[in-house]
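> Okay, predicted coordinates and the sequence, questions at the end:
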Amino acid sequence: GIAHEIRNPLNFISLSIDHIRTKYRPADGSGLEGFEKLVESMKQEIHRLDRLVRDFLDYGKPLKLDRQPCRTQELLADVVEIVKAKAASDRIRIDERYDAVPELRLDAELMKSCIFNVVTNAFQAMPEGGTLAVRTRNVVEAECAAFGLRHFPAADYVLIEIEDSGTGIPPELIEKIFEPFFTTKEVGKGTGLGLSMVYGIVKQTGGFIFCASEPGKGTTFRIFLPRYVPEAQPAHAAAAEAGTAEQPAAKPASTATDLSGTATVLLVEDEDAVRMGSVRALASRGYTVHEASSGVEALELFEELDGKVDIVVSDVVMPEMDGPTLLGELIKRQPDIKFIFVSGYAEDAFAKNLPQEAKFGFLPKPFTLKQLATTVKEMLEA
């Protein structure tokens, strides 16, 4: 409930920033650089708050991992690219070394958040500047014993090392850094959930994380992730992928970025500010948008429109009639209705209460104008 209440105003602010960015740029380009920096700073703060809310939601329950093949170098390069500007302003030199390593199979977005968390801690440990080393390499089973780590089974791993030249961590604190709510930061400066979440995500991925540090000489985090070995494909499957079988190879996914549309959208949201921002976001992309502030009002509007609605975008928690109940009622009237839930709650908090035949999309709050338009477009084309 707390997460939901926090994410509603965050969502309105996020959509408003997107609107400002697209509508109110100086016509002559004057002051554009400062304007963009301010807007980008605001977006970063929203993402920081959203990550904190996600930590609270995820803490203490198994995560739903979207495991996909992923190249390690791309995973790290994405994070490094995000922090390069801050590194330059903080007088921190980034030393990257990516040895050729096999693919991983993991939830890339969650692992990026882990690496970003560790990198952020490294930055904070170097207030006067320094060097941040980001490295990858293969570790074979025979090498594992040489690390001298407890509770670390020998196997083949991909090792990600993040090393800083900062202040270091005292020996008496090393054993506590992965404990929930443990933090050495001042009151109000940290929750102590960051590294405990990193630990949980790495463990649920099947990996291990260790920290070595010496006061005054820096800290090294080592993340060992299991190698991904793709299953061997039958010869006919490999031929089909190459386009040499009787059936032609599948066409590559479209790379079009056109997110405009002409569909009719019924948008249901009880928070006035969030509803206003979402209506404006979709209307700016060409959609015809009808708005309702509750499930009951949405059903009445659906009847007034004679069911001529292409897609429904609805909040989950609303007075009188919530989103899942609304979907159930709409299915009775139009079984193939396209429906998207938007919510500050995790998806699995309500999905189990939906009818078995329900088909729906999900967009977590807060979201950007582009994320909303992308989700609607994908659902319409599904």
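Cool, got the structure. Just so it is clear, the model here is predicted, and its values are computed rather than measured.
> What about Asp306, how many residues nearby?
Close neighbours of Asp306, defined as other Cβ atoms under 10 Å, add up to 7. In short, each C-beta sits where N, CA and C put it, glycine included.
> That one in helix, strand or coil?
coil (DSSP: H, G, I helix; E, B strand; the rest coil).
> before we move on, what about Ile169?
Three-state call for Ile169 (three-state DSSP): coil.
> ok, for it, nearest residue in space, not its chain neighbours?
Spatial nearest neighbour of Ile169, chain neighbours left out: Ser213 (4.0 Å); criterion: Cβ to Cβ, 6 or more residues apart in numbering.
> Tell me which helix or strand that neighbour sits in.
Using DSSP states H and E, Ser213 sits within strand 208-214.
> From the contact counts, what lies against the helix or strand just after that strand?
Scanning forward in sequence from strand 208-214 by DSSP H and E, the next helix or strand is strand 218-226. Here strand 218-226 touches strand 104-106, helix 108-124, strand 157-164, strand 208-214, going by 3 or more Cβ pairs under 8 Å, 6 or more residues apart in numbering; DSSP states H and E.
> cutoff 10 Å now
If contacts are counted by 3 or more Cβ pairs under 10 Å, 6 or more residues apart in numbering; DSSP states H and E, strand 218-226 sits against strand 104-106, helix 108-124, strand 130-139, strand 157-164, helix 194-204, strand 208-214.
> Partner strands of the third one and their direction?
Sheet neighbours of strand 130-139, with direction, are listed as strand 92-98 (parallel), strand 157-164 (antiparallel) (DSSP bridges).
> Give me whichever of the ones you listed is most buried.
strand 157-164 (a mean of 22; mean count of other Cβ atoms under 10 Å).
> avg pLDDT for that one?
Here strand 157-164 scores 95 as its mean pLDDT.
> so how far is it off the chain centroid?
In terms of Cα atoms, centre = their mean, to the nearest Å, the centre of strand 157-164 is found 22 Å from the chain centre.
> related to what we said a few turns ago, let's have the strands paired with strand 130-139 in CSV, adding distance to Leu326.
Formatted as CSV, the strands paired with strand 130-139 follow (distance: least, Cβ to Cβ, whole Å):
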stretch, distance to Leu326
strand 92-98, 49
strand 157-164, 44
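> nearest to Asp258, of those?
strand 92-98 (34.4 Å; Cβ to Cβ).
> Would you mind confirming that Ile368 makes contact with Ala281?
If you look again at residue 368, you'll see it is Thr, not Ile. Yes - with contact defined as Cβ atoms under 10 Å, Thr368 and Ala281 form a contacting pair (8.7 Å).
> So between these two, which is more surrounded?
Taking other Cβ under 10 Å, Thr368 and Ala281 do not tie; Ala281 has more neighbours (26 against 17).
> that older thread, check which helices and strands the strand holding Ser213 sits against.
The contact analysis (3+ Cβ pairs under 10 Å, 6+ apart) places strand 208-214 against helix 108-124, strand 157-164, helix 171-174, helix 194-204, strand 218-226.
> can you put the ones you listed in TSV and add distance to Met321?
What follows is the helices and strands packed on strand 208-214, written out as TSV (distance: least, Cβ to Cβ, whole Å):
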stretch	distance to Met321
helix 108-124	33
strand 157-164	48
helix 171-174	51
helix 194-204	35
strand 218-226	45
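> So which of the ones you listed is nearest Thr325?
Thr325 sits nearest to helix 108-124 of all those, at 30.7 Å, using Cβ to Cβ.
> Find the residue closest to Arg280 in space, skipping its chain neighbours.
What sits nearest to Arg280 in space, not counting adjacent residues and going by Cβ to Cβ, 6+ apart, is His19, at 6.1 Å.
> how close does that neighbour get to Leu282?
Relative to Leu282, His19 is positioned 12 Å away (Cβ to Cβ, to the nearest Å).
> Tell me the residues that contact both of those two, please.
The contact sets of His19 and Leu282 overlap at Leu369 (Cβ atoms under 10 Å, 6 or more residues apart in numbering).
> quick one: which of these two has more around it?
Higher neighbour count among His19 and Leu282: Leu282, with 23 against 15, using other Cβ under 10 Å.
> by contact count, what packs against whichever helix or strand the more buried one is part of?
Take DSSP H and E as the rule and Leu282 turns out to sit in helix 272-283. Packing partners of helix 272-283 (3+ Cβ pairs under 10 Å, 6+ apart): helix 2-23, strand 264-268, strand 288-292, strand 311-315, helix 369-381.
> before we move on, back to that, mutual contacts of Thr368 and Ala281, please.
In contact with both Thr368 and Ala281: Ser14, Leu15, Asp18, using Cβ under 10 Å, 6+ apart.
> May I have the distance across stretch 134-154, first residue to last?
This stretch, stretch 134-154, spans 23 Å end to end (Cα to Cα, to the nearest Å).
> Which residues outside that stretch are in contact with it?
By Cβ under 10 Å, 6+ apart, the surrounding residues in contact with stretch 134-154 are 72-73, 75-77, 79-80, 83, 94-102, 115, 118-119, 122, 155-163, 208, 210, 212, 220, 222-225, 227.
> looking at the sheet around Phe341, what are its partners?
Note on Phe341: beta-bridge partners by DSSP bridges are Ser314, Phe362.
> Please give me every residue in contact with it.
Neighbour list for Phe341: 268, 312-316, 323-324, 326-327, 347, 350-351, 354, 360-364 [criterion: Cβ under 10 Å, 6+ apart].
> Could you identify the buried members of those residues?
Burial by neighbour count, 16 or more other Cβ atoms under 10 Å: within the contacts of Phe341 this picks out 268, 312-316, 323-324, 326-327, 350, 354, 360-364.
> Show the low-confidence segments of the stretch 251-382 of the chain, by residue range.
The stretch 251-382 of the chain contains residues with pLDDT under 70 at 251-257, 345-353, 355-357.
> If you could redo that for the stretch 1-150 of the chain, that was the one I meant.
The model of the stretch 1-150 of the chain has pLDDT under 70 over residues 1-5, 24-35, 52, 55-64.
> can you put the helices and strands packed on helix 272-283 in TSV and add distance to Lys43?
Formatted as TSV, the helices and strands packed on helix 272-283 follow (distance: least, Cβ to Cβ, whole Å):
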stretch	distance to Lys43
helix 2-23	6
strand 264-268	23
strand 288-292	24
strand 311-315	22
helix 369-381	11
